[in-house]
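1. following is a predicted model, sequence given first.
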Amino acid sequence: MYDAVIVGSGAGGGTISQYLAKRGFRVAIVERGEEGGSVQRCRVRFNGQFVESAIAHTLGGSTRLFGGIMMRPARRDFQPGKFYAQYIPREDWEWPFDYESLAPHYELAEDLFTVAGAHQTIGPHIPQRNRPFPETPWSLTAANRSLLSRWQQSGLSAFRLPFAVSPSLCLKCPTCPGRPCPAGARSSAANRGVEAALRTGNAQLFTGFRADSLSFTNRKNARGVELTQRGTRKKLRLEARLIILAAGALETPRILLNAGLASNLPALGRYLSFHAGVMGVGAQRISTRANDVYSKQLGSTELYFGTSSFSHKLGLMQHIPLPRGDQLPRFWKKDLLQRGLGWVINHTQSFGLMLEDLPSAINKVTYTRDGVPHVHHRFHSYDLFRLNGARKLLRQTLELGGCFAAATVDNENARKHISHVVGTARAGRSPRNSVVNEHCRVHRLDNVYVVDGSVFPTSLGVGPALTIAANALRVGAHIAG
């Protein structure tokens, strides 16, 4: 009998595993993927068609592959009613926990993942750390210095993105996101969480096991987690005083649904959200060297809550990985491509502007008989309206930075992969429209918690990784007392 069984080793599971193990809890960590080696991508059907997923089954989960940005959201992100009151019900106007309850845990999570950032330089709307970041980011490239200078001259604030990547170890691979780091420079929930838990002697790791369901002692207490080993199909049950689910927003609902909780929790598997997004590219006369080095460095929150001419909530604008050459012709001007694809790639700035989509009960995940997630999702008309406005603003912002031939595309028209999925076991005050309470304990159960992105009532204006980790620390502190 363990003190806790933790299902999933990503930003939530890996983080809470080291927190509890360091405090004497005997924990079992269950990971569907394998330790090291190849990475198994999550197969997903999106509105009936199989699509590429950025979600990984591997030790460390998606943090083993993510771009490394760990960004705090704005305080007002936790009050969606300030922006969407006419579109969402009154009970969804505020998260059941706020920024202030997470604030100390944000700092601890940034320390745990040794985030490299420039102290007190993050742009408007985003709260700052009390102390300098654990690491200092590497110097800006010449092209990015030029871009930043042009923006500042235009009165637009921008900053170096906070990265969970060690500048002293980083090889600056241009293909960084989407694959394991060959130098061990990227912090992940594996090397910062699970490995730290194992070093205490209080944790045991089970890889290659899929969590299927929960077993129960009585109606309010789970006894353990039912597992199936990959390949052999061997069955195993791990029993514990506490069950902590961190399998991700596409897998945690499956486990709870298989445990027979659908009738008691009508929101389970629903309110699925992920960022609507706009991607913009522009050509720059100074070489970005994007074909040779990783040049993702800059972000801006200038447009986070819209502008005087477009007063609608948007989100973080950030450098994103350069699109592959075979993607560029789909939305970039043909006359530019005639100059040669190599020149184009090495003179390209690419940015994304993320928007949280409105939470809706019609957006959900269901499962095939063999457990493959089927995402049913449709953006609200207000999401599409904001996407259209964001495209124009992003193009104008690139031009302010000295880019020419700027063009944009949104992920409503060019869906490539699914990531940043949240909401399917959302936190709230009532089991009528939520799955977990303010402490992320499942309604009607005394000993089952959820600490992945599925608990987010909305998708925030930034990527979810840091908030997932900070919330896992907050829940860990609640459990440990």
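-> Sure, I can see it.

2. for the strand or helix carrying V5, which strands pair with it and how are they oriented?
-> Following DSSP states H and E, one finds V5 within strand 2-7. Using DSSP bridges, strand 2-7 pairs in its sheet with strand 27-31 (parallel), strand 235-245 (parallel).

3. out of the ones you listed, deepest packed?
-> Ranked by mean neighbour count, the strands paired with strand 2-7 are led by strand 27-31 with a mean of 26 (mean count of other CB atoms under 10 Å). Placement of C-beta: from N, CA and C, glycine included.

4. roughly how far out does that strand sit from the chain middle?
-> Relative to its chain's centre, strand 27-31 lies at 21 Å (CA atoms, centre = their mean, to the nearest Å).

5. hmm, back to that, need the strands paired with strand 2-7 in a markdown table with mean pLDDT and distance to Q318, can you?
-> What follows is the strands paired with strand 2-7, written out as a markdown table (pLDDT from 0 to 100; distance: least, CB to CB, whole Å):
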| stretch | mean pLDDT | distance to Q318 |
| --- | --- | --- |
| strand 27-31 | 98 | 29 |
| strand 235-245 | 98 | 29 |
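
6. with distance to A190 added, can I get those strands in TSV?
-> As requested, those are arranged in TSV below (distance: least, CB to CB, whole Å):
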stretch	distance to A190
strand 27-31	9
strand 235-245	17
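
7. these: which one's closest to T114?
-> T114 lies closest to strand 27-31 among the strands paired with strand 2-7, at 21.1 Å (CB to CB).

8. who touches the closest one?
-> Applying CB atoms under 8 Å, 6 or more residues apart in numbering, the contact partners of strand 27-31 are 2-9, 13-14, 17, 20-21, 57-59, 61, 194, 197, 202-209, 211, 225, 227, 238, 240.

9. re the thing from before, which residues touch the strand holding V5?
-> Identification of contacts with strand 2-7 by CB under 8 Å, 6+ apart yields 13, 16-17, 20, 25-30, 204, 211, 224-225, 238-247, 252, 255, 479.

10. from the contacts of strand 27-31, which land in helices?
-> Under the assignment DSSP state H, those contribute 13-14, 17, 20-21, 197 to helices.

11. pLDDT added to the residues you listed, as TSV?
-> Shown next, in TSV, are those (pLDDT from 0 to 100):
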residue	pLDDT
G13	98
G14	98
S17	98
L20	98
A21	98
A197	98
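
12. and the helices in this structure?
-> Listed in chain order, the helices of the chain (DSSP H) span 13-21, 81-84, 99-112, 142-153, 195-199, 252-258, 334-337, 341-345, 381-400, 465-480.

13. what pLDDT is listed against Q79?
-> pLDDT recorded at Q79 is 98.

14. run the chain-centre distance for stretch 134-143.
-> 23 Å.

15. cool, stretch 96-105 as well?
-> Here the centre of stretch 96-105 is set off from its chain's centre by 18 Å, with CA atoms, centre = their mean.

16. for it, buried residues please.
-> Using 16 or more other CB atoms under 10 Å as the test for burial, stretch 96-105 gives 96-97, 99, 102-103, 105.

17. just the closest of these to L387, please.
-> Minimum distance to L387 across those is 25.8 Å, recorded for Y99 (CB to CB).

18. okay but the closest one is in contact with Q79, surely?
-> No. The criterion here is CB atoms under 8 Å, and Y99 misses it with Q79 at 9.2 Å.

19. confidence score at the residue lying closest to G24 once chain neighbours are set aside?
-> In this structure, G24 finds its nearest non-sequential neighbour in N202, 6.5 Å apart by CB to CB, 6 or more residues apart in numbering. What the model reports as pLDDT for N202 is 98.
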